[in-house]
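K.L.:
here is a sequence with its predicted model. Questions after.
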Amino acid sequence: MELVIYNTLSRKKEVFKPIHEGMVGMYVCGPTVYGDGHLGHARPAITFDTLYRYLMHLGYKVRYVRNITDVGHLEHDADEGEDKIAKKARLEQLEPMEVVQYYTLRYHKAMEKLNVLPPSIEPHASGHIIEQIEFVKRILDAGFAYESEGSVYFDVEKYNAKYHYGKLSGRNIDELLENTRELDGQSEKRRSIDFALWKKAAPEHIMHWPSPWSEGFPGWHLECSTMGTKYLGETFDIHGGGMDLMFPHHECEIAQSVAALGHETVNYWMHNNMITINGQKMGKSLGNFITLDEFFTGSHKLLTQAYSPMTIRFFILQAHYRSTVDFSNEALQASEKGLARLMEAYERLNHLKASATSSVDVKGLRDRCEEAMCDDLNTPIVISHLFDSAKNINLVADGKATLSQEDIDELKNTWKVMIEEVLGLKRDEGNDSTNDAYKQAIDLLLQIRLQAKQNKDWATSDKIRDELAKLGFIIKDKKDGFEWSI
Ligand code: ZN
């Protein structure tokens, strides 16, 4: 079976052919770390995690690079406004790298809960300033950039005369010129559509580095051109990210790389679609900006309950990555129930008793699932095949049908591969609030034991200790109470 993926650049499905046999280089735009991850961060992470997992499942050695943007992502667009991380640092009186460290760790924690595998390399933009300066020099040498007042801008019109600016997003330069505001004559840029490769830092700007042009910082788009080619080579297989990054970020990335190197660097561009909340775009000002932690604890006012990380993952995988997904409590509750049904069938499958013959046909599940995955990662179809299979498993478990040992083994294998390896689903460890409830219940039990001890009711106190020990709890008595672990 051949893996077919939709290439955003050619706007069609293509058979995936890696540059180097058996190996895949893949770059995905990661988060800007100045706040907690939200549902919008979860979607590209889970989409490309599933691709990463599936490529490895197909036997490829994958080098997966997902960057951390920690400099140069400005408030308004690539060129205007305060750096998002510097602003957070200023408001909270922190060193910018403290902000980066804090939110990177929190991002990793959320990703781990979602069972998103860590990438092979996670480069930081701030750790690649020298390489970015070198990249700017190459674009300048090629004649597609100009220096102005200590900043360096990409000359979009000049580039477009030789190459094609807008090929990824389908925009054209005349339209863009019409839709951007006129320059007021004060601007350092020649044209409004030009974008910054290097910005001279204003005196109040706290993140800056020396360069041949000024004490300043790199433009946001530059890091991905630089780090992608540094770690994956001047041409690599896959570049992914959310659809919101297609323009201007990825369009500018293509222009920079082609200008500097004289050729395209990416063979397949892949974009996941966006998540809306009750039909609306997500946004801080709309009050519907729900962080992943708020989903896990149910602590946002729009949420009627907590949702476990696996429910979130399953919810995202139930839609094809190129379709929009609308979040609502009803939709997530349906996912929660669906996932529970699926995992229950998986559990039952592992305890099925074999018969001499099979009375239901369960053959071909593996092929059908692989076929769906090979068709541009069609995870909702894989999930529907598993639901069909669950019906048979339940019939056998209820004694209404039979399966041979051979069929059971094949099913077990397919389910394990698809559920655990490819879709990355695992048994839920519960959401944070159920975990809290569980911890409080153990504490309560041990308080009762403490009380029993004080009352010299040894029978009760020993019973609680022994029964908990049987379940795997380690209880340590302390002078002022107790401590427990599993
Ligand atoms: Zn990027």
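P.N.:
Arrived safely, thanks for sending.

K.L.:
residues of the stretch 201-350 of the chain that sit close to the ion?
P.N.:
Contact residues (CB under 5 Å from the ion) of the stretch 201-350 of the chain with the ion: Cys224. Heads up, the C-betas are built off the backbone N, CA and C, glycines and all.

K.L.:
tell me where the stretch 201-350 of the chain has helices.
P.N.:
Here the stretch 201-350 of the chain has its helices, by DSSP state H, counting those that start in this stretch, at 222-232, 251-261, 292-297, 309-317, 329-349.

K.L.:
summarise which helices and strands the helix or strand following the last one is packed against.
P.N.:
Read that as helix 329-349. For helix 329-349, the following helix or strand on the C-terminal side (DSSP states H and E) is helix 365-374. If you count contacts as 3 or more CB pairs under 8 Å, 6 or more residues apart in numbering; DSSP states H and E, helix 365-374 packs onto helix 379-397, helix 405-415.

K.L.:
point out the most buried one among those.
P.N.:
Counting by mean count of other CB atoms under 10 Å, helix 379-397 has the highest mean neighbour count of the helices and strands packed on helix 365-374, with a mean of 19.

K.L.:
by residue count, what's the longest helix in this structure?
P.N.:
As assigned by DSSP state H, the longest helix anywhere in the chain is helix 432-454.

K.L.:
that older thread, indicate which one of the helices and strands packed on helix 365-374 is closest to the ion.
P.N.:
helix 379-397 (23.9 Å; CB to the ion).

K.L.:
and the closest one with helix 329-349, angle?
P.N.:
Computed by axes from the mean of the first three to the mean of the last three CA atoms, to 10 degrees, the angle separating helix 379-397 from helix 329-349 equals 50 degrees.

K.L.:
let me have the helices and strands packed on helix 365-374 in CSV, extended by mean pLDDT and distance to Arg368.
P.N.:
Converted to CSV, the helices and strands packed on helix 365-374 look like this (pLDDT from 0 to 100; distance: least, CB to CB, whole Å):
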stretch, mean pLDDT, distance to Arg368
helix 379-397, 97, 5
helix 405-415, 97, 9
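
K.L.:
residue contacts, whichever residue of the stretch 251-400 of the chain sits closest to the ion?
P.N.:
Residue nearest to the ion within the stretch 251-400 of the chain (CB to the ion): Glu253, separated by 6.3 Å. Contact analysis of Glu253 by CB atoms under 8 Å, 6 or more residues apart in numbering lists 221, 224-225, 228, 239.

K.L.:
nearest spatial neighbour of the closest residue to the ion within the stretch 101-250 of the chain, chain-adjacent residues omitted?
P.N.:
Closest contact between the stretch 101-250 of the chain and the ion, by CB to the ion, is at Cys224 (3.3 Å). In space, and not counting its chain neighbours, Cys224 is closest to Glu253: 5.0 Å by CB to CB, 6 or more residues apart in numbering.

K.L.:
export the helices of the stretch 201-350 of the chain to JSON lines and tack on mean pLDDT?
P.N.:
Converted to JSON lines, the helices of the stretch 201-350 of the chain look like this (pLDDT from 0 to 100):
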{"stretch": "helix 222-232", "mean pLDDT": "97"}
{"stretch": "helix 251-261", "mean pLDDT": "98"}
{"stretch": "helix 292-297", "mean pLDDT": "95"}
{"stretch": "helix 309-317", "mean pLDDT": "97"}
{"stretch": "helix 329-349", "mean pLDDT": "96"}
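
K.L.:
what would those look like in TSV with distance to Ser355?
P.N.:
Output for those, formatted as TSV (distance: least, CB to CB, whole Å):
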stretch	distance to Ser355
helix 222-232	52
helix 251-261	58
helix 292-297	42
helix 309-317	32
helix 329-349	15
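
K.L.:
so which of those is nearest His208?
P.N.:
Nearest to His208, of all those, is helix 222-232, at 15.0 Å by CB to CB.

K.L.:
who touches the closest one?
P.N.:
Here helix 222-232 has contacts from 25-27, 29, 63, 65, 67, 69, 71-72, 121, 123, 125, 128, 131-132, 134-136, 197-198, 236, 239, 249-250, 253, 256-257, 260-261, 265-266, using CB under 8 Å, 6+ apart.

K.L.:
buried residues in it, which are they?
P.N.:
By neighbour count on 16 or more other CB atoms under 10 Å, the buried set for helix 222-232 is 222-232.

K.L.:
check stretch 281-301 too.
P.N.:
Quick answer for stretch 281-301 (16+ other CB under 10 Å): 282, 288-297.

K.L.:
measure it end to end?
P.N.:
Distance across stretch 281-301, first residue to last, is 17 Å (CA to CA, to the nearest Å).

K.L.:
make residue 1 into 4 and carry on from there
P.N.:
In the new numbering, first residue 4, that becomes stretch 284-304.

K.L.:
adding distance to Met114, write the helices and strands packed on helix 368-377 out as a markdown table.
P.N.:
Listed next are the helices and strands packed on helix 368-377 as a markdown table, based on distance: least, CB to CB, whole Å:
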| stretch | distance to Met114 |
| --- | --- |
| helix 382-400 | 18 |
| helix 408-418 | 25 |
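
K.L.:
could those helices be laid out in TSV, adding distance to the ion?
P.N.:
Conversion of the helices and strands packed on helix 368-377 to TSV gives the following (distance: least, CB to the ion, whole Å):
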stretch	distance to the ion
helix 382-400	24
helix 408-418	36
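
K.L.:
dump the helix or strand containing Leu108 to CSV, keeping only the CA atoms.
P.N.:
Secondary structure from DSSP H and E places Leu108 in helix 99-116. Extracted C-alpha coordinates of helix 99-116, given in CSV (Å, rounded to 0.1, in the frame of the first residue of the first chain):
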residue,chain,number,x,y,z
PRO,A,99,12.2,36.6,28.9
MET,A,100,13.9,33.2,29.1
GLU,A,101,12.1,32.6,32.4
VAL,A,102,8.8,33.0,30.5
VAL,A,103,10.1,30.7,27.8
GLN,A,104,11.2,28.0,30.2
TYR,A,105,8.0,28.2,32.3
TYR,A,106,5.6,27.8,29.3
THR,A,107,7.8,25.3,27.5
LEU,A,108,7.7,23.0,30.5
ARG,A,109,3.9,23.5,30.7
TYR,A,110,3.5,22.8,27.0
HIS,A,111,5.6,19.6,27.3
LYS,A,112,3.4,18.5,30.2
ALA,A,113,0.2,19.0,28.3
MET,A,114,1.7,17.2,25.3
GLU,A,115,2.7,14.3,27.4
LYS,A,116,-0.8,14.0,28.8
